[in-house]
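> Any chance you could fold what I've pasted below:
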Amino acid sequence: MLIDAHAHLGPEISDPSVRKKFEAYPHATAEDYIQAMDEAGIDMGISVARLDMDNVYQAEIQKKYSKRIISCAFIN
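Numbers count the residues shown, from 1 in each chain. Model (predicted):
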């Protein structure tokens, strides 16, 4: 089994002013990530929440793609 050990995933950002904030720190959606993993022959990936985002998206993708993505959340 081939596992990608570190990716930052986040929801699609449609608001241009918010998208500009994230320009320097690009991230992919879970669907983009799975497509890239499929193309590279990777079986599973680990997604790490970004410090400037909440853990809701990580929880959603863990539930939806539990056989492909392991989500890590930040707890403070």
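
> Go through the lengthiest helix in the chain and flag the buried ones.
When the chain is parsed with DSSP state H, its longest helix is helix 30-40. Neighbour-count burial for helix 30-40 flags Ala30, Tyr33, Ile34, Met37 (criterion: 16 or more other CB atoms under 10 Å). No exception for glycine: its C-beta is placed from N, CA and C like everyone else's.

> low-scoring stretches of this protein, by residue?
Within the chain, the stretches with pLDDT under 70 are 18-27, 51-52, 76.

> Can you mark which positions in the next helix or strand after the longest helix of the chain are buried?
Using DSSP states H and E, the next helix or strand after helix 30-40 towards the C-terminus is strand 44-48. Within strand 44-48, the residues that count as buried by 16+ other CB under 10 Å are Met44, Gly45, Ser47, Val48.

> in the sheet, who's paired with the second one?
This means Gly45. Listed by DSSP bridges, the beta-bridge partners for Gly45 are Asp4, Ile69.

> ok, it - contacts?
Applying CB atoms under 8 Å, 6 or more residues apart in numbering to Gly45 gives the contacts Ile3, Asp4, Ala5, Ala7, Tyr33, Ile34, Met37, Arg68, Ile69, Ile70.
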